[in-house]
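Engineer: Below: sequence and its predicted model.
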Amino acid sequence: MPGMNQMTDRPTILCIDDTPEARALVRRLLSPPYRVLEAQDGLQGIEVAQETQPDLVLVDLHMPHLSGYEVATRIKSLTPQTPIVALTADVTKNVQERVLAAGCDGYLSKPIDPDTFEEQVRSYLAGERQELEDESYRQAYQQTLVARLEHKVRELTQALDRNAKLYEQNLQLLERTQRQARLLEAGAEVGRNITSILDLDELLRATVDTICDEFGFYYAGVFLIEQTGKWAVLRAGRGTAGAAMIAQGHKFKVDGHSLVGAATGQRKARIALDAGEEPFHFKNTLLPDTRSEIALPLIAGGEVIGALTVQSTEEAAFTPADAATLQALADQLAIAINNAQLYRQNQQLLMQADRRTQLLEAAALVGREFISILDLDELLNKTVDIICTTYGFYYAGVFLVEGPDSAEPGEEWAVLRAGRGAAGAAMIAAGHKLKVGGLSMIGAAISQRQARIALDVGEEMVFFKNPHLPDTRSEMALPLIVGKEVIGALTIQSTEEAAFSDDDITSLQAMADQLAVTINNARLLEDLEKAHAELVRTKTYQAIAEATGESIHWVGNKAAPIPGSVARITEDITRYLAMTNALLAEAAPDLREHKFAQMLTEATDEIANRGTFLTDIQAELETWPLERLHKILSVESIFEDLEIIETSARSILNIKEDLIGPARQQKIEPVSLPELLEETIASMGIPDEIVRTLFNDDLHPVLADRRQLGRVFTNLIKNGMEAMREVKDKKLFVWARMADEPDLAVVDVIDHGAGIPPDQIDKIWMAFYTTKSDQGGTGLGLPACAQIVGQLNGKITLESEVGLGSTFSVYLPTLEDANDHLSEERTKQ
Amino acid sequence: MKEEIRILLVDDEKLVRRSMEKTLLRAGFDVETAEDAGAGLALFETAQDDEPFDVVILDLNMPNLEGEDDPDAGLKLLSELLENAPHLPVVVLTAFDEVTRAKEAVARGARAYFVKGREAGLIEIVNDIINR
């Protein structure tokens, strides 16, 4: 059935040939008059033929796998109507018969003849057929076909066989790959775990556990090569077996015959099987079930640091792939171990740094203590105590060089000035001293100006034979150097051998340097204090002399009117007596006998005895008119002069208060500040428009001696007024309130006077210092104030600015505080 | 014609002033007092045309012409007075320990100085001046 092809314009021709050139030639010769389809092998040809039902099939006989004969047979059976023409270069005998026997309808020989090819094709299309005349060819062909089939089946069976084997191999490969993947995964897991562990022992323990748990091995252990490099020592082992071996100090010689030894020596993994190539017997009684073992070198930074052993209960458990995986793990482990060791070293360095810091801090502490101590003996004793307590040393002592002795000229001695504990005290009492430049460590340290260290078994040939210090095993002597001079040496002793690290020496020498400077300071201070004491004495005498002068000047002024008043009173009394006597002389005789007259006569005699004759005075008085007598003689005048004397005397007594006021017996009582201040200001006679006061409502009474505190404010107010001497519009402000601190009241006395220059602020509190000696200042007022307020547990502060004025603030404890105190006392009772 | 010797006494110390005033009064002098340089000068100038003072006694250390404490107030007043009346006898008062300054005042034209205390001595000085 030509079918659809008959309806198309052009007949369809299928060319089945395995050589592209042959197909191309056919296409060129037949197309376009024909539609040429192509197939490059037999199977494809059969498919195309069945699908397209071509008008003619051209098939090459010699093709691989499926020959042209077989293709023709198959196509003939599928489409019996389609003419099939064989194309072949085969010129063997009877090829045409065999082609026809296979089912072909014709035969064209190769190479194709272009001149006749199209015509031949057209004739086959037109229905030309060749017939097979001899049927025996058909039988022969069928036999050949069956034989070929047989062969193919056999081939196929063999292939299936091979496939099954391949399949099995594939499975094994897959399994191995999976196992390897799992090992790698486990390895990565171990890697992750171990790289984050920085404690070496923990790292190794975790590693052996992880290897056994994750990989399912019987045992794992890590050996590390110890310092000498000769031995690989077991540092971690799985389970009780591992623990037991570590306890035994299990180790292998590096590069020895053991598996671990070989792995470390040869820097590569070694595998031992029970019946394997390595002559190895698993005879470790602690690991009785081991049937195979692998030892992997641990290499970090190109250096073998140890080995990892992994053991299995299975024979030949370790494949090369396992070895590779485990080696990757071992490499990771080696790096982690290295890290852990570096970490540990870092920690140690850190600890060393810590200790150094601690030592330096101790040295700083010593330094601080030193600076605050200026008494030499106290300084030295404290030094040895601090050295022993802070550094934990057995003994410390300070020797100071003393000048050449007159008995031994030219020789200097280092004398023990301070020593720790009873031993030190005993040696000082015994006058322990060592010759500078002598054989002792102290003597050598001083003469050589450098630290000397003696260890019990050290370079220095020193024997520790001091009976006071029997436990000394190492000693250090540090020179105390100030500038160019060695002033002594510090000895430090320890009960430990080789107790002094470089850091200790550095920090102790730093401390010794500080000590030397401080000792020098203390000595200078001693000299300075002597000089100062002398200066203070001189200054004091000078100040007293000055103050005495001031006082005398002041007293002299105050006393000036007294002699005048006394003279006048004397004169007045005399004159009254003279007048009385004159009258008496004129009186009746009986009156002269009166006892009053007798008294008057006696008084006249007494005055005459003093060289004044009342009759002379009487005569003088007689000459004066009454008006004049009134002017010069009156009882009022007598009383006025007495008052002058009294007032002057009181003024003079007042200066005493400045001098001895603070020392007077105190009478402490609650004092109302507003009341006291008002009184004080009023008594000073300062006009109201100058002094302004402000008293806060919350003010508590203060505890003070009323009179002394009054003097304090008098002085401060007087000071303020004097400071404003040059100021036209004088204003003084007095403000009393509670202070910010609890239970303290504060009184500010604020002036806007000249202010006090900064260089004088401290001096104003010094006794006898005054800037107004020419104004009658004694230089005692402010010091007295400070002393009085100090005695009352208060304080005075001063803020001053030149040109703006000064504020004196007096802080005083208030009553509330005392009440608490009193109630506490009562509760106790 | 003048009956009495007129004396101006200038001193800021009230008691001293009063005491000396009394002493001078009892000696028969006509005394007027002032407590500072300004008041003293005012009194002097007021009296100058009508009843001039014969003697002026003044303290060295007292409020000056501006009313402020001044150790040289007396010296300044002295200069003012001598400018007005070049031949006026002036006695300066001084404390026993400030004689140096008093001597300086004498060098500047004061007739005499008196160390405060024994006031009879002042009368002698004044009498000396008047009788000369």
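Structural biologist: Happy to help now that I have it.
Engineer: least trustworthy helix or strand in the chain by mean pLDDT?
Structural biologist: Because you didn't say which chain, this covers chain A. helix A:815-828 (a mean of 47; mean pLDDT, DSSP states H and E).
Engineer: Correction: the question concerned chain B.
Structural biologist: Ranking chain B's helices and strands by mean pLDDT, DSSP H and E puts strand B:69-70 last, a mean of 73.
Engineer: hey, where'd the helices end up in chain B?
Structural biologist: B:14-26, B:37-50, B:73-84, B:99-107, B:120-131 (DSSP state H).
Engineer: Over to the stretch 151-300 of chain A?
Structural biologist: Along the stretch 151-300 of chain A, the segments classed as helices by DSSP state H, counting those that start in this stretch run A:200-215, A:239-248, A:259-266.
Engineer: Between helix A:239-248 and the first one, find me the angle.
Structural biologist: When you say that, I think you mean helix A:200-215. Between helix A:200-215 and helix A:239-248, the angle comes out at 150 degrees (axes from the mean of the first three to the mean of the last three C-alpha atoms, to 10 degrees).
Engineer: Return the distance of helix A:200-215 from the chain's centre.
Structural biologist: Offset of helix A:200-215 from its chain centre (C-alpha atoms, centre = their mean, to the nearest Å): 35 Å.
Engineer: Stretch A:593-601 now?
Structural biologist: Stretch A:593-601 sits 107 Å away from the centroid of its parent chain (C-alpha atoms, centre = their mean).
Engineer: Residues contacting it, please?
Structural biologist: A:577, A:580-581, A:584, A:587, A:591 (C-beta atoms under 8 Å, 6 or more residues apart in numbering or on different chains). The way it works is simple: take the backbone N, C-alpha and C, and place the C-beta from them, glycine included.
Engineer: Now intersect the residues you listed with the helices, please.
Structural biologist: A:577, A:580-581, A:584, A:591.
Engineer: which residue sits closest to the residue of the stretch 601-750 of chain A found nearest chain B, ignoring its sequence neighbours?
Structural biologist: Closest to chain B within the stretch 601-750 of chain A is A:I632: 4.5 Å, counting by C-beta to the nearest C-beta. Nearest residue to A:I632 in three dimensions, chain neighbours excluded: B:R26, at 4.5 Å (C-beta to C-beta, 6 or more residues apart in numbering or on different chains).
Engineer: try A:A236
Structural biologist: That would be A:L204: by C-beta to C-beta, 6+ apart, it lies 3.4 Å from A:A236.
Engineer: before we move on, what about B:Q48?
Structural biologist: B:N84 (6.8 Å).
Engineer: Can you give me the distance of the residue nearest to B:E80 when sequence neighbours are not counted to B:N61?
Structural biologist: Computed as C-beta to C-beta, 6+ apart, the closest residue to B:E80 that is not its neighbour in sequence is B:L41, at 5.7 Å. Note on B:L41: its distance to B:N61, by C-beta to C-beta, to the nearest Å, is 17 Å.
Engineer: List the buried residues in stretch A:226-240.
Structural biologist: A:231-232, A:234-238 (16 or more other C-beta atoms under 10 Å in any protein chain shown).
Engineer: for stretch B:77-84, same thing?
Structural biologist: B:77-78, B:80-82.
Engineer: In CSV, list these along with pLDDT and distance to A:Y167.
Structural biologist: CSV is the format used below for the buried residues of stretch B:77-84 (pLDDT from 0 to 100; distance: C-beta to C-beta, whole Å):
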residue, pLDDT, distance to A:Y167
B:L77, 89, 143
B:L78, 91, 145
B:E80, 89, 144
B:L81, 91, 148
B:L82, 91, 149
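Engineer: one step back: check contacts around the residue nearest to A:A236.
Structural biologist: Counted by C-beta under 8 Å, 6+ apart, A:L204 has contacts A:222, A:235-236, A:337.
Engineer: Which residue ranges of the stretch 451-600 of chain A form strands?
Structural biologist: With DSSP state E, counting those that start in this stretch applied, the stretch 451-600 of chain A shows strands at A:452-455, A:474-482, A:485-494, listed in chain order.
Engineer: mind exporting the last one as CSV, just the C-alpha atoms?
Structural biologist: Right, the one you point to is strand A:485-494. The C-alpha trace of strand A:485-494 is given here as CSV (Å, rounded to 0.1, in the frame of the first residue of the first chain):
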residue,chain,number,x,y,z
GLU,A,485,75.7,57.7,95.0
VAL,A,486,75.0,54.3,96.4
ILE,A,487,73.3,55.0,99.7
GLY,A,488,72.8,51.4,100.7
ALA,A,489,71.3,48.1,99.6
LEU,A,490,68.1,46.1,99.9
THR,A,491,68.3,42.3,100.7
ILE,A,492,65.4,40.1,99.8
GLN,A,493,65.4,36.4,100.7
SER,A,494,63.2,33.5,99.8
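Engineer: ok, back up a step: and the helices of the stretch 151-300 of chain A, which is most packed in?
Structural biologist: Comparing those by mean neighbour count (mean count of other C-beta atoms under 10 Å in any protein chain shown), helix A:259-266 comes out on top with a mean of 23.
Engineer: Now tell me what touches it from outside.
Structural biologist: In contact with helix A:259-266 (C-beta under 8 Å, 6+ apart) are residues A:223, A:225, A:232, A:252-256, A:269-270, A:272, A:278, A:280, A:293-297, A:304, A:306-307, A:309.
Engineer: Buried among the contacts of stretch A:593-601? Make that a ChimeraX selection.
Structural biologist: Selecting only the buried entries of the contacts of stretch A:593-601 in ChimeraX, with 16+ other C-beta under 10 Å as the criterion:
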select /A:577,580,581,584
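Engineer: picking that back up, and the buried residues of stretch A:226-240 as JSON lines, adding pLDDT?
Structural biologist: Below are the buried residues of stretch A:226-240 laid out as JSON lines (pLDDT from 0 to 100):
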{"residue": "A:W231", "pLDDT": "89"}
{"residue": "A:A232", "pLDDT": "90"}
{"residue": "A:L234", "pLDDT": "91"}
{"residue": "A:R235", "pLDDT": "88"}
{"residue": "A:A236", "pLDDT": "89"}
{"residue": "A:G237", "pLDDT": "91"}
{"residue": "A:R238", "pLDDT": "90"}
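Engineer: Which one of these is nearest to B:D11?
Structural biologist: A:R235 (109.9 Å; C-beta to C-beta).
Engineer: center of chain B - which residue?
Structural biologist: B:I57 (1.4 Å; C-alpha atoms, centre = their mean).
Engineer: residues touching that residue, list them.
Structural biologist: B:I57 neighbours (C-beta under 8 Å, 6+ apart): B:7-11, B:20, B:24, B:90-93, B:114, B:122, B:126.
Engineer: same thing with B:F114?
Structural biologist: By C-beta under 8 Å, 6+ apart, B:F114 lies in contact with B:57, B:91-94, B:121-122, B:125.
Engineer: In CSV, list the residues you listed along with pLDDT.
Structural biologist: Formatted as CSV, the contacts of B:F114 follow (pLDDT from 0 to 100):
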residue, pLDDT
B:I57, 94
B:V91, 94
B:V92, 92
B:L93, 89
B:T94, 84
B:G121, 87
B:L122, 90
B:I125, 92
